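A structural model of the following input is requested.
(chains A, B, C and D)
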Amino acid sequence: MSGSGDYALALGQAGLCLALAPGLIGLIRWLKARMQNRRGAPVWQPYLELRKLFAKEVVVSTNASWLFCLAPYVVFTSTLAVTVLLPILTVPLPLDGVGDLLVVVYLLLLGTFFLALAGLDPGSPFGGMGSSREMTVAALAEPTIAMAMFALALGAGSTNLGQIVARAMDRPSEAVSPGYLLAFTALFIVTLAETGRLPVDNPATHLELTMIHEAMVLEYSGRYLALIEWASALKLLIFFSLLANLFVPWGVTRSPAAGGLLLAALIYVGKLAVLAAVVAVFETRVAKLRLFRVPELLSVSFVLALLAITASFLSR
Amino acid sequence: MDGAFAQLSMLGSSVVLIAGLLLLWRRGLPAHIDAFTLQSVALGATTALVAYFTADAELYWVAGLLVAVKGIGIPLLLRRMARRFATEREVAPYVNTATSLLVGGLLVLLAYVVMRPIVQLSQLPTRAGLPLAMGLVFVSLFVIVSRKRALTQVIGFLMLENGIALLAVLGTHGIPLIVEIGVFLDVLMGFLVMQIFVYQIHETFESLDVEQLNRLRR
Amino acid sequence: MLLFAKMLKVGMATEPLGPPAPDEADLLHLVREVSAESRRLFGRALAVREVDAGSCNGCEVEITGLMSPVYDSERFGIHFVASPRHADLLLVTGPVTRNMEVPLRKTYEATPSPKLVVAVGDCARTCGVFKGSYAVAGSVDQVVPVDVFVDGCPPEPAAILRGILTALRRPLRP
Amino acid sequence: MASVLFTVMVAAYGAGAAVALLAGAGPAARVLSAAGAILGAGAGLLLGGHALATGTVWGLGAPDVVSVAGGLLFRLDALGAFFLILVSMVAAPAALYGVGYSAAYAGRYSLRWLGAMLNLFLLATSLVPLADNVVTFLLAWELMSLASYFLVLTDRDEPETVRAANWYLGMTQFGLAFLLAAFLRLAGDAPSLDFDDLRGAAAGLPDAARGIVFALALVGFGSKAGLIPLHVWLPRAHPAAPSHVSALMSGVMIKLGVYGLLRVGLDLLGGGPQWWGVLLIGLGAGSAVLGVLYALMEDDIKRLLAYSSVENMGIITLGVGAAFLFQSLAMPRAAALALAAALYHALNHAAFKGLLFLGAGSVLHATGTRDMNRHGGLIHRMPWTGPCFLLGAVAIAGLPPLNGFFSEWLLFQALLPGIAAPSPLVAVLMVLALGMLALTAGLAAAAFVKCFGITFLALPRSDAAAAAHESPVTMRAGMVALAAACAGLAAGALPVLATTGTVAAGLFGLASEPPAFRLWLAFQTPAGLARMSPPAVVAGLIGGLAVVWLAVRVFASRRPLRYADTWGCGRVGQTARMEYTATAYAEPLRRIFSAVYRPSEDVTVDHHPESRYFVQSIAYRASILPWFERYLYEPVLAGVRRWGRRAQSVQTGSVHAYLAYVVGALVILLGALLVTGAP
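Below is the predicted model:
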């Protein structure tokens, strides 16, 4: 299982994700700009912003402790570690034995945990507010992600993502069944909640009182901010990859041949672009929910995930 | 062939159930009416689907009637009534939205447990959808119990009737046309009576809050 | 679906940013030369934090115009941010009133270097109509080092945009 | 070899207690009694390890000691050895920690009594898993309860501590009554009270009787394990006890409730019908969710940790319930996996909960208050306690690099095959249990961000927190030892799981081949459901962290770090009053779960004397409705009090009346005997 080829493939996959993540954010911003009839920044703008941030000076609050400086590295590493476990290019996942969907979910929770702590460290009221709301949303989204993923895992007989994708590819009729559709909707709602997209939290807001994700990051600057921005872009890419490859798995190849990989990468990027467009249109269409209407949205996705399990597995 | 039939009927009944859950989630009256329209159209489609797979001409008529009456007719009347009472302010239901959604989810699980023996009993390819239809019956009963606005309760009742129709379609591959027409007639009559009832409530209490009715007791 | 129909009907609303008209040429005052390193760094990605140091909100209305589809500062990579920690450029408006003097200095300290300051409006440079008032502590350059003054009461969004771009010595192509 | 270790253990604990009693309150006495305890714990650890490694079952009988009921009888099998290791693992660091911690009590309370009781408590706790007949078991159980009662009562000046001790004593005796009834019913006509005979007797019991025995045992052991609704003593007794004692109680003593359940339910009764498992899963899921919900609302750090113990005991009971259920569905391999997961989580929880309580103890030692709203900024002032507490918080929140995650991962895998169970009700229950387990995991992460963040980060919110200082070396050593235990359990997840696997397999008759835990890099669940490799996850994360740190150091700018004030929209000064407090942190969740909490908030605003428009201070107090106390315990207590008053009328004061009662009772008994015609 752990041949050198596999490790190379896994690292290549992580590199691909690192490269694609800022572009994905850029694409969503560009699409939203075009929908507001303005030219908007080019798609590769986030890469430039990251390059600038890495070169800038880091200003740290006097109240902050060593945790404030450690947190960006932990957030970035935990999110990067997830990209190695995702079924993006080939189905017999290179490191399938190392982690499954629970490892993915809990690694993302590790990143949120440390980011919330870092939000509290400088002691500003915005950081506390952002951290409290972020943990509330993360805690409520946790059961939905678990249930939606279990709906697929039970169908595939294993929680390892590689096997789920392989199973879905072998039985295309399965992928159209209501169980998969319900799980897809539930996971889509949770994606918007976890990555701080519009109905739950407005990424482009300037009013500190309405922020959830942004408020924790107000104190960061320079390379720390770059790491956190990159990590949140990676997180969005991860959720999009889960949505794309678990529910529409046909682009993933089975043989790790070079040609196959290239084609799989292209199909994968295409799927990401389609999802980005869907999110951009959705965000232009919908307004931000009040914070205490967010639990209603999350309970809708929880019920959908519950139905997904009922429809796909229990009624067998 | 059976696989596709089972899958599609399962898909249809899922859409019908989700429309029912939409009633629990959304608060605005127009949203409720749209949910009911979607549900009736999905029910008609499922009936047509069953008709196609069982090559039963009569069922096509039933599907057509369903879509015509419940998909177009009743929503039209409902929208007219909704416009008339547009000024009335929103009354919070007994159970807040998040809890009512969770209760809806649990009711569907209950329906699944209740219908398990029947699902094992029947050999029809559409048996997998039966728990979902029973789930809709339970959810619409919950809507009738937990919502205060008269119009929402009317829609709850109509959805209950849809649930029973779906049970009939999935359980016995449709009931003869005559019986179906009879059912439609009493639905229409019931709806008309409710319509008059709702007007009266509005005239006497200036609002559609069913809770006001207990003022009649004294 | 009406929303999307309107989007298609309106089409691209961003207008090209031409060079300044002859009578507006003297609006910009490049006070300090921006270092080559800053220019290279902020060439294509610039985070701006707007600081209202006592302005009458006339300049704020114009700055909001910067983000509108017509002027669209995003196409130059100029992005407005919420916290000075994330910012590279402070867009300061209005004469510095007494109680805004310390907050403006603290904002300047909070911004990581390399950083720029663009002072917008007449009040910023000469305290404008509020000159000599008991509430005004002085013009912006008496509190924080300023790189560019953009005159006008209030200056057009295009003028502000040109102020920022000339500071970075970037061509004005649309 | 085993009997030598046993005698060393008993002698060490005994000597520790004796030294503490005789040698007085000086530092020498404290060190010596702690040394006794540590030696005893070490011996216990070796004894358990030896028993597990060699798989031998060791027995020791002392029939003449309590000769009336068959005397003391000890037997060490795999299950008992596992729990002995669990006890000893936390006992040594806690005793070491106690040396420094009890110094603060020097003036006010007799350290003599504290040291003696601690050693006695540890001795009793170590003997419970070894007991092999009813008398020894109940003797050790009652000794453990009484010793911990006196330990809880250490700082008895606080009225709240006395009230908590009374609650605790009441609940332990209530539990003991049920245990007594369960054992007597089980031993009905068995020749003696040894566990072997009980196993024989259990086989002959009708199903109804087995159900009654199980129910009685569940209430008895459930009250010790802190399951809902018998958990009310836990958030009262644990905070009142000295921190190293509450670490022992929370980390170890409540686990013996699960040990008792396993011993009676699986070993003596040999499993039962489906409703046993379903009831346990229901109780477990309920305790988990309600435990973490109440933990979120606590502002007192030790009460938060106590409620979190209720949550983790709920999670362990969930695993045990799944094991019972699978056994009733004749799926022994899945049952072994579920029990292995529950035991592994019990071991992990003992480690990180012990660490967190010791950390809370040193925070209390440094600031003198348990109220988190008056802590803050301790990470700068306590460079040892901060990282240890953070490690404990990450572990208890079940996050990857540490042991909490691996046991929670295993629990998810154990519950998953349950959904394929034949009966629909069980399948639906498993789905809901999975959902509640996931919700608990999310809320636990939120609770411990709040606990660590408000206590250790940002500015100190009171002078006491500002003047905090790091705790003495023995306390630090205790914490570091338990932190190392957590890290060891994470990296060494595979061998630890293999041992819990063999222990679990022993109970389900799979003794011949333990569940297929491949001991190589990854462990694979028997149902082949999923594979995960703990060492690879730990190595990957730490290696990744190092690589990222190096890469950033190479590519990012060389500019030095600059320190400036926290950004607060340019306001002049940053004070501790501007920070988020514990109450504010939990406010969104209080509002979302208001149906469970029924919060009542009162805001008192006192205005400036001169004018109503200027406010001097606003006090915001939020309290939540204590469901169980209000609707379960108070009516019961009121009923008992009412019944007590009515019974007082019997006390007429005249001697003749009392004599008449005696004669009357005798006559009634004889009459009953005649009527039933007993031989």
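
which residues sit against stretch D:130-138?
Contacts to stretch D:130-138, defined as C-beta atoms under 8 Å, 6 or more residues apart in numbering or on different chains, come from residues D:6, D:59, D:66, D:69-76, D:80, D:84, D:127-128, D:139-140, D:176, D:179-180, D:183, D:187, D:192-196, D:198. For every residue, glycine as well, the C-beta is placed using N, CA and C.

just the buried members of those residues?
D:6, D:69-76, D:80, D:84, D:127-128, D:139-140, D:176, D:179, D:183, D:187, D:192-195, D:198 (16 or more other C-beta atoms under 10 Å in any protein chain shown).

show me the residues you listed that map onto helices.
Among the buried ones among the contacts of stretch D:130-138, DSSP state H puts D:Phe6, D:Gly80, D:Leu84, D:Leu127, D:Leu139, D:Ala140, D:Leu176, D:Leu179, D:Phe183, D:Phe195, D:Leu198 in helices.

who in the stretch 251-400 of chain D is up against chain A?
Residues of the stretch 251-400 of chain D found near chain A (C-beta under 8 Å from any C-beta of the partner chain) are D:Gly376, D:Gly377, D:Ile379, D:His380, D:Gly386, D:Leu390, D:Val394, D:Ala397, D:Gly398, D:Leu399, D:Pro400.

redo that, cut-off 10 Å
By the rule C-beta under 10 Å from any C-beta of the partner chain, the part of the stretch 251-400 of chain D lying against chain A is D:292, D:296, D:376-380, D:383, D:386-387, D:390, D:393-394, D:397-400.

strands along the stretch 501-650 of chain D, start to end?
Using DSSP state E, counting those that start in this stretch, the strands found in the stretch 501-650 of chain D span residues D:523-524, D:531-532, D:562-564, D:600-607, D:615-623.

where are the low-confidence patches of chain D?
Low-confidence segments of chain D (pLDDT under 70): D:24-25, D:65-70, D:509-529, D:653-655, D:677-679.

how is it partitioned into domains?
Listed domain ranges for chain D are D:1-200, D:271-468, D:587-623, D:655-679 (source: automatic domain parsing).

in TSV, list those along with distance to A:Trp66.
Shown next, in TSV, are the domains of chain D (distance: least, C-beta to C-beta, whole Å):
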stretch	distance to A:Trp66
domain D:1-200	24
domain D:271-468	8
domain D:587-623	28
domain D:655-679	73
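
among these, which is the most enclosed?
When you average the neighbours per residue for each of these (mean count of other C-beta atoms under 10 Å in any protein chain shown), domain D:271-468 leads with a mean of 25.

starting at the chain centroid, how far to it?
Distance, stretch centre to chain centre, for domain D:271-468: 10 Å (C-alpha atoms, centre = their mean, to the nearest Å).

if we ignore the residues flanking it in sequence, what's nearest the closest residue to chain D within the stretch 51-200 of chain A?
Using C-beta to the nearest C-beta, the single residue of the stretch 51-200 of chain A nearest to chain D is A:Gly128, 2.6 Å away. Excluding its sequence neighbours, the residue lying closest to A:Gly128 (C-beta to C-beta, 6 or more residues apart in numbering or on different chains) is D:Tyr580, at 2.6 Å.

residues of chain B that sit close to chain D?
B:95-96, B:98-99, B:102, B:105-106, B:109-110, B:112-117, B:119-120, B:131.

out of those, who's near chain A?
Answer for the residues of chain B next to chain D near chain A (C-beta under 10 Å from any C-beta): B:96, B:98-99, B:102, B:105-106, B:109, B:112-113, B:115-116, B:119, B:131.

among those, which one sits closest to chain C?
Distances from chain C to those, taken by C-beta to the nearest C-beta, are shortest for B:Ala98, at 29.2 Å.

quick one: the helices in the chain?
No chain in the question, so chain A it is. Using DSSP H, the helices of chain A run over A:4-35, A:45-55, A:66-85, A:101-120, A:125-156, A:161-170, A:172-176, A:178-194, A:213-216, A:222-247, A:258-285, A:294-309.

can you look at chain C instead?
C:2-10, C:36-42, C:58-66, C:98-110, C:122-126, C:157-167.

pipe those into a markdown table and attach mean pLDDT per row.
As requested, these are exported to a markdown table (pLDDT from 0 to 100):
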| stretch | mean pLDDT |
| --- | --- |
| helix C:2-10 | 85 |
| helix C:36-42 | 81 |
| helix C:58-66 | 91 |
| helix C:98-110 | 91 |
| helix C:122-126 | 89 |
| helix C:157-167 | 87 |
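
of all the ones you listed, which one is nearest D:Ala35?
With respect to D:Ala35, and counting by C-beta to C-beta, the nearest of those is helix C:98-110 at 54.8 Å.

just checking, what packs against that closest one?
Applying 3 or more C-beta pairs under 10 Å, 6 or more residues apart in numbering or on different chains; DSSP states H and E, one finds that helix C:98-110 contacts strand A:59-61, strand C:46-52, strand C:89-93, strand C:96-97, strand C:116-120, strand C:136-138, strand D:562-564.

for chain A, which residues are neighbours of chain B?
A:140, A:173-174, A:176-179, A:181-182, A:185, A:292-312, A:314-316.

what's the PyMOL line that selects buried ones from these?
The buried residues among the residues of chain A next to chain B can be selected in PyMOL (16+ other C-beta under 10 Å) with this line:
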select buried, chain A and resi 140+174+177+178+179+181+182+185+294+295+296+297+298+299+300+301+302+303+304+305+306+307+308+309+310+311+312+314+315
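
re earlier: what's the ChimeraX line that selects buried ones from the ones next to chain A among the residues of chain B next to chain D?
Listed next is the ChimeraX selection for buried residues among these, using 16+ other C-beta under 10 Å:
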select /B:96,98,99,102,105,106,109,112,113,115,116,119,131
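
of the ones next to chain A among the residues of chain B next to chain D, which pair is most distant in space?
Maximum distance among these (C-beta to C-beta): 33.0 Å, for B:Asn96 and B:Val119.

and the residue nearest to the spatial centre of chain C, bridged to which residues?
Nearest to the mean C-alpha position of chain C, by C-alpha atoms, centre = their mean, lies C:Leu91 at 4.1 Å. Going by DSSP bridges, C:Leu91 is paired in beta bridges with C:Glu50, C:Val118.

so it sits right up against C:Thr64, yeah?
No. Between C:Leu91 and C:Thr64 there is no contact under C-beta atoms under 10 Å: 11.5 Å.

shared neighbours of those two, anything?
When contacts are counted by C-beta atoms under 10 Å, 6 or more residues apart in numbering or on different chains, C:Leu91 and C:Thr64 have C:Glu50, C:Phe80 as shared neighbours.

residue in chain C nearest to chain D?
Closest point on chain C to chain D, by C-beta to the nearest C-beta, is C:Pro103, at 2.8 Å.

and that residue, how far from chain B?
Note on C:Pro103: its distance to chain B, by C-beta to the nearest C-beta, to the nearest Å, is 41 Å.

neighbours around that residue, how many?
Residue crowding around C:Pro103 was assessed by other C-beta atoms under 10 Å in any protein chain shown; the count is 18.

list the contacts for the closest residue to D:Gly257 other than its chain neighbours?
Spatial nearest neighbour of D:Gly257, chain neighbours left out: D:Ala225 (2.9 Å); criterion: C-beta to C-beta, 6+ apart. Listed by C-beta under 10 Å, 6+ apart, the contact set of D:Ala225 reads D:175, D:218, D:231, D:234, D:253-261, D:283-284, D:287, D:309-310, D:313-314, D:316-317, D:320.

any idea how far A:Lys271 is from D:Ala225?
Distance, D:Ala225 to A:Lys271, using C-beta to C-beta, to the nearest Å: 49 Å.

repeat that for D:Gln616.
Spatial separation of D:Gln616 from A:Lys271 under the definition C-beta to C-beta is 61 Å.

one more: D:Val603?
Taking C-beta to C-beta as the measure, D:Val603 falls 52 Å from A:Lys271.
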